[in-house]
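In: sharing a sequence plus its predicted fold:
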Protein chains: 2
Amino acid sequence: MKFATLHDVARSAGVSYATVDRVVNGRGGVAQKSAARVQSAILELGYERDVSAANLARKRVYRFRFLLPDDSNEFFSALNHALRSHDDQPSPLRMRLETQRVPAFSEQPLIAALDGIDAATTDCVCAVALDTPAVIAAFQRARARGLRVLTLVSDIAPNARDHYIGIDNLVAGKTAGRMMGLAHGRQRGCVLPIIGAKRAHDHIERLNGFCEVVKAYYPTIELLEPVRSRDAAATIHQVLVDAWQTHPDLTGVYNVGAGNDGLIDWVAGIAPQDRPVMVIHELLSGSRTALDAGLIDAVIDQKPYEAIGEALRIMRLLVDEQPLPEMTPVITPAIYLRENLPAITQTANRMPSP
Amino acid sequence: MKFATLHDVARSAGVSYATVDRVVNGRGGVAQKSAARVQSAILELGYERDVSAANLARKRVYRFRFLLPDDSNEFFSALNHALRSHDDQPSPLRMRLETQRVPAFSEQPLIAALDGIDAATTDCVCAVALDTPAVIAAFQRARARGLRVLTLVSDIAPNARDHYIGIDNLVAGKTAGRMMGLAHGRQRGCVLPIIGAKRAHDHIERLNGFCEVVKAYYPTIELLEPVRSRDAAATIHQVLVDAWQTHPDLTGVYNVGAGNDGLIDWVAGIAPQDRPVMVIHELLSGSRTALDAGLIDAVIDQKPYEAIGEALRIMRLLVDEQPLPEMTPVITPAIYLRENLPAITQTANRMPSP
DNA sequence: CTAGAAATGATAGACGTCTATCAAAAAATG
DNA sequence: CATTTTTTGATAGACGTCTATCATTTCTAG
């Protein structure tokens, strides 16, 4: 009923602890047959290394740094909150998480932040990236200094980072498209996509996915020309007022990016039976309330809490130089309707008592 | 850049290690002011107990046992697979997981299994329960013996177990109802619910949730009398053939329970443009393929992998006698459409190498 | 056979915490 | 004041692994 230890393995293999240690830690200088005996003893006893004890002895501390865009955007603040609640959890893993807020969507501060990270005091960096040549260069400098680098939510070229954690925005857009299509029940329709900026990769990808699915499976739905909102609530509100004027037959609105408060304000003033199908992104306080109030039909969510958890897991594997799961664990976008809203997560602060 | 240890706390508080130990482990016999100094030193240094080291010293091994219904049902086998892949993950927590397969849906074997568990060799049991008086009594006997008990997927009376992990079936049904309603796009319709057995609590709950939402928000949808399938594929197929005959205007089918293969067989023979909206439960190989082939519109999933992970987490908290999060972490049912199918999880086997 | 190389054994001190014991100091009691 | 009682200190041995050192044995080449 006990776990086998390395001492057990040594005894069972008929060799000394030192030899077993040389085998399992690949220190070399072990004869073929001894190594084989150790290996088979390991299999026979079902030995599994006690990672806690190993990390304790190695004095391993994972020193991770997160570069998160500042609070301009509620989604980023949700990301930050998710990070904090992971950090607050009493965990048997020794992690030192440092968060650094960086002005959102601007190249220079992000580059400066990346360049300012000392590989001697940090093992791995996780950053919400911007896909521009200068930023990519900064990522590569960081890696050249010996840092491991992850991108979060927003990706760059795969060869410039070790891993990406987040949703596939094409998938997210397709999911939104399917949702929009389904909600039309094979009827004719006229759908307006709203996009933050023409530049943003993720917005373009979502839009492409959305249009692809709608065109392929719902030919009776007319797709209006996407309008730009600069992710600003006021702009979105105006956009909708205008669209409602020019297209009284509007049957659906898909907001690719942020600024949902403006959209919600608008839809609150529309008679329920006339209201177009509303599909938006990110389950945040505003969208949640609107969903609950029946103003919104579906929210596609990036699951920030899960994303952070996955990032931490991958970061540990990276610095341990363990093989990464070949199957990239992409976050699957969640679909929230009014009925399957998750309970509001309340960070339970626990004392350091037994 | 290091973590504070208990020795650091002792030094900082100006007391001995022994006193600090008495405080943090509540052994008593410490003067008020000493305890206060220790506490403030802990706060000042931001001390956090190293759970790994503590568990190592305590020789703590979590001995968990799972009672899972046998393979009659593909969902249970997915649960079992999820459990195994959690167990295979190299984890810094020392857990000994034992799985015991129990004939599905039958009282006596489950009772016998529960009664056969020795509290001396097991800390916590997690079982897919049956909500009958005899089974509840067996659960209570187990708890009286000092075992902690969790129910998984299927619950019993809250006071007969320590915790429940799984979805709220009412929520799952409501979600299905919303999905069905949305997919009708405010059109008239005629929807057939299929239920496994009239007895099964979870089926009844889902059905109630489904009907509640459809009636409340989609009054133009006519709900047909639910038919029973005994969760058998062949029965479901026949049910659908019959329904299609008597109701040529059928616009939706909701299968509350298992036996989706029969449903998929049937729908494969229907012309795509005439096909009713199909909403089913559990993302398994068959439903996944059907979703991907466009034969099904939505799958409501219980997320077995996440459920097992959550169960393990709660079980650890229970045997550690740590406070449980007051906010019960109910699993939120996931909605899968054709576009947001998760990647097929491939259990990455890792060697016990560093 | 012998020298040198390669492989192995033995062991000790760390990592941070738990548990236990015993002695010493401080406080409360009469 | 002496005597309990309470509180504190000091310390040692575990837990399973890592790392390092040094001595010994076994193998290989000349």
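Out: Received it, and whenever you're ready, just let me know what you need. Numbers count the residues shown, from 1 in each chain, chains lettered A, B, ... in the order given.

In: now stretch A:138-148 - C-alpha only, CSV.
Out: The C-alpha trace of stretch A:138-148 is given here as CSV (Å, rounded to 0.1, in the frame of the first residue of the first chain):
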residue,chain,number,x,y,z
ALA,A,138,11.8,41.4,-29.0
PHE,A,139,10.4,37.9,-28.4
GLN,A,140,13.3,36.4,-30.2
ARG,A,141,15.8,38.4,-28.2
ALA,A,142,14.1,37.2,-25.0
ARG,A,143,14.4,33.6,-26.1
ALA,A,144,18.1,34.2,-27.1
ARG,A,145,18.7,35.3,-23.5
GLY,A,146,17.5,31.9,-22.4
LEU,A,147,13.9,32.8,-21.5
ARG,A,148,11.0,30.5,-22.4
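
In: in the stretch 51-200 of chain A, which spans are strands?
Out: A:62-69, A:95-102, A:124-127, A:148-152, A:163-165, A:189-195 (DSSP state E, counting those that start in this stretch).

In: other residues contacting the third one?
Out: Contact with strand A:124-127 is made by A:62-68, A:102, A:110, A:113-114, A:117, A:139, A:142, A:147-152, A:165, A:311, A:315, A:318-319, as judged by C-beta atoms under 8 Å, 6 or more residues apart in numbering or on different chains. C-beta here means a position set from N, CA and C on the backbone, and glycine is covered the same way.

In: how about it: buried residues?
Out: A:C124, A:V125, A:C126, A:A127 (16 or more other C-beta atoms under 10 Å in any protein chain shown).

In: ok, now how distant is A:D231 from DNA strand C?
Out: 45 Å (C-beta to the nearest atom of the strand, to the nearest Å).

In: again but with A:V125, I slipped
Out: Distance from A:V125 to DNA strand C, by C-beta to the nearest atom of the strand: 24 Å.

In: beta partners of that residue?
Out: Per DSSP bridges, the residues bridged to A:V125 are A:R65, A:V149.

In: for A:I270, list the residues it contacts.
Out: A:W244, A:P276.

In: mind checking the SS state of A:V299?
Out: The three-state label for A:V299, taken from DSSP: H, G, I helix; E, B strand; the rest coil, comes out as strand.

In: is it true that A:R230 touches A:I194?
Out: No - with contact defined as C-beta atoms under 8 Å, A:R230 does not reach A:I194; the gap is 10.5 Å.

In: how about the nearest residue to A:E74 once chain neighbours are set aside, phi and psi?
Out: Nearest residue to A:E74, sequence neighbours excluded (C-beta to C-beta, 6 or more residues apart in numbering or on different chains): A:L284, at 4.9 Å. Torsion angles at A:L284 (phi, psi; degrees, to the nearest 10) stand at phi -120, psi -180.

In: sorry, back to before: please say which of A:R230 and A:I194 ends up with more neighbours.
Out: Between A:R230 and A:I194, counted using other C-beta atoms under 10 Å in any protein chain shown, the more crowded position is A:I194 (27 against 13).

In: does that one really touch A:V239, like I thought?
Out: Yes - shown here, A:I194 and A:V239 form a contact pair, counting by C-beta under 8 Å, at 6.1 Å.

In: so what sits against both of those two?
Out: A:V227, A:S229.

In: drop anything exposed from the contacts of strand A:124-127.
Out: A:62-68, A:102, A:110, A:113-114, A:117, A:139, A:142, A:147-152, A:165, A:311, A:315, A:318-319.

In: number of nearby residues for the one residue in the stretch 1-150 of chain A that gets nearest to chain B?
Out: Per C-beta to the nearest C-beta, A:S52 is where the stretch 1-150 of chain A lies closest to chain B, at 3.3 Å. Neighbourhood size, A:S52 [other C-beta under 10 Å]: 22.

In: from A:I221, how far off is the nearest residue to it once chain neighbours are set aside?
Out: Nearest residue to A:S52, sequence neighbours excluded (C-beta to C-beta, 6+ apart): B:S52, at 3.3 Å. Look at B:S52 and A:I221: by C-beta to C-beta, to the nearest Å, they are 55 Å apart.

In: quick one, helices of the stretch 251-354 of chain A?
Out: In the stretch 251-354 of chain A, the helices defined using DSSP state H, counting those that start in this stretch lie at A:260-268, A:285-292, A:304-319.

In: quick one: which of these is nearest A:P226?
Out: helix A:260-268 (14.3 Å; C-beta to C-beta).

In: packing partners of the closest one?
Out: When contacts are defined as 3 or more C-beta pairs under 8 Å, 6 or more residues apart in numbering or on different chains; DSSP states H and E, helix A:260-268 sits against helix A:233-246, strand A:277-281, helix A:285-292.

In: quick one: that helix to strand A:277-281, angle?
Out: 170 degrees (axes from the mean of the first three to the mean of the last three C-alpha atoms, to 10 degrees).

In: need the contact partners of helix A:260-268.
Out: With C-beta under 8 Å, 6+ apart, helix A:260-268 has contacts from A:194, A:229, A:232-238, A:240-241, A:244, A:253, A:255, A:275, A:278, A:280-282, A:284, A:286-287, A:289-290, A:293, A:295-296.

In: again, 7 Å this time
Out: A:233-237, A:240-241, A:253, A:255, A:275, A:278, A:280, A:286-287, A:290, A:295 (C-beta atoms under 7 Å, 6 or more residues apart in numbering or on different chains).

In: and if you look at stretch A:225-236?
Out: With contact meaning C-beta under 7 Å, 6+ apart, stretch A:225-236 is reached by A:192-198, A:207, A:239, A:255, A:257-259, A:261-263.

In: so where's the stretch 51-200 of chain A uncertain?
Out: For the stretch 51-200 of chain A, the stretches flagged by pLDDT under 70 are A:90.

In: for DNA strand C, what are the nearby residues on it?
Out: A:A53, A:L56, A:A57, A:K59 (C-beta under 7 Å from any atom of the strand).

In: in the stretch 51-200 of chain A, which residue sits closest to chain B?
Out: A:G185 (2.8 Å).

In: thought that residue was touching B:G185?
Out: Yes - A:G185 is within contact range of B:G185, at 2.8 Å (criterion: C-beta atoms under 7 Å).

In: which element is A:V213 on?
Out: helix A:201-217 (DSSP states H and E).

In: can that helix be found next to chain B?
Out: Yes - in terms of C-beta under 7 Å from any C-beta of the partner chain, part of helix A:201-217 sits within range of chain B, namely A:V213.

In: next, the buried residues of that helix.
Out: In helix A:201-217, counting by 16+ other C-beta under 10 Å, buried: A:D202, A:H203, A:I204, A:E205, A:R206, A:L207, A:G209, A:F210, A:C211, A:V213, A:V214.

In: show me the contacts for the fifth one.
Out: Meaning A:R206. A:N169, A:A172, A:G173, A:A176, A:V256 are the contacts of A:R206 under C-beta under 7 Å, 6+ apart.

In: report the two of these separated the most.
Out: Going by C-beta to C-beta, the pair spanning these furthest: A:N169 and A:A176, at 10.3 Å.

In: from memory A:P276 sits against A:P248, does it?
Out: No - the pair A:P276 / A:P248 is not scored as a contact, 10.8 Å apart, by C-beta under 7 Å.
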